[in-house]
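Visitor: Give me coordinates for this.
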Amino acid sequence: MEVVVVTGASAGVGRAAARAFAARGARVALLARGRAGLESVARELDGQGLPIEVDVADPRQVAEAAHTVEKELGPIDVWVNCAFTSVFAPFTEISPEEYKRVTEVTYLGFVHGTRAALDVMRPRERGVIVLVGSALAHRGIPLQSAYCGAKHAIQGMYESLRCELLHERSGVGITMVHLPAVNTPQFDWVLSRLPRKPQPVPPIYQPEVAAEAIVFAAGHPRRREYWVGASTVLTLLADRIAPGLLDRYLARTGFDSQQTSERAGPPHGNLWEPRDQAEDEGAHGRFDTDSHPSSPQVWISQHRAAVTGAFAAGTLLAYGAARRVAASRNSA
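Guide: All right, here's what the predicted structure looks like:
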């Protein structure tokens, strides 16, 4: 039976991914800080989940968690790095201590998780590491400089490590899944200094869409990256083609698009302490009515070879038909 570790498993994308892996028969180690969320998702997995309270910013805790998983569940086959925290605020309103904490959790948490996974996978020459990224790993947006910086750092670390694993012809696979805006509790959990309540930049997708892509990536780690959602594809392509124009567009639209019309309450968040320590808030956020339950782009990504073949075949047929029409006109 496959053994999977998911960090950030108490809510959001991590929780949806844990459910998806368990649904296909895996035993899942659930790593997070929030006790209530961990206990709740463990009950949902009906005996297939092992909850472990961990602050991923602490490398010792992460290494000990990996040891516990191997002892309790068996050799780790898949490690999914998904845990994060952040601050919604302009750059100048985020303190150095807050930047440090976001970096320690969101970036170094991935570093510690990846190292713990490699420590047990490399001697066996097998295993897969999935890094859950974001369109914001390639394209920064206003009001999220701490998060964007951490995600960019993960991208750089991943590219270096992937090259090293390819160089040594390692049997350990690694891949990265870049997500769009997702309906998770983070928009009520993350520390915010915005005048209005934060929201994902539409279009918004349900966490199950992300989970489906993560599970698929774990089974197909040869592909370098997975882009989830048409908005991710369009954002990354636009950034490659006209980054300066995108800067100006986001300067004009990026503030309002990340806030609802509701006034925000006093600043609070899960930066230093988990929000779900006493009460579980589930996998979804408060945007269910505005969120897409599926993404055609994800299906296309999963069936890229077949889609490419069909497109090529269609192109050849169209070309052949055009040639025949041209030939008949010339003969006439």
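
Visitor: Tell me who's in contact with the residue most central in space within the chain.
Guide: Taking C-alpha atoms, centre = their mean, the centroid of the chain lies closest to residue 132, which sits 3.0 Å from it. Counting by C-beta atoms under 8 Å, 6 or more residues apart in numbering, residue 132 makes contact with 13-14, 17, 80-82, 176-177, 179, 210, 214. (Glycine included, C-beta is placed from N, CA and C.)

Visitor: Select only the buried ones of those residues in ChimeraX?
Guide: In ChimeraX syntax, the buried subset of the contacts of residue 132 is picked out as below (16 or more other C-beta atoms under 10 Å):
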select :13,14,17,80,81,82,176,177,179,210,214
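
Visitor: Show me the contacts of residue 132 that map onto helices.
Guide: Under the assignment DSSP state H, the contacts of residue 132 contribute 13-14, 17, 210, 214 to helices.

Visitor: Same list, those, but as JSON lines with distance to residue 155 and pLDDT please.
Guide: Converted to JSON lines, the ones in helices among the contacts of residue 132 look like this (distance: C-beta to C-beta, whole Å; pLDDT from 0 to 100):
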{"residue": "13", "distance to residue 155": "17", "pLDDT": "97"}
{"residue": "14", "distance to residue 155": "19", "pLDDT": "97"}
{"residue": "17", "distance to residue 155": "20", "pLDDT": "98"}
{"residue": "210", "distance to residue 155": "17", "pLDDT": "96"}
{"residue": "214", "distance to residue 155": "17", "pLDDT": "98"}
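
Visitor: Could you list the low-pLDDT ranges of the stretch 151-300 of the chain?
Guide: 277-279, 295, 297-300 (pLDDT under 70).

Visitor: just the strands in it please.
Guide: For the stretch 151-300 of the chain, the strands defined by DSSP state E, counting those that start in this stretch cover 173-179, 181-182, 191-192, 196-198, 204-205, 225-227, 259-263, 291-292.

Visitor: Each with direction, which strands does the longest one pair with?
Guide: Looking back up the chat, that one is strand 173-179. Strand 173-179 sits in its sheet next to strand 128-134 (parallel), strand 225-227 (parallel), going by DSSP bridges.

Visitor: Could you check how far the first one is from the centre of its chain?
Guide: What that stands for is strand 128-134. 6 Å (C-alpha atoms, centre = their mean, to the nearest Å).

Visitor: Fine by me, thanks again.
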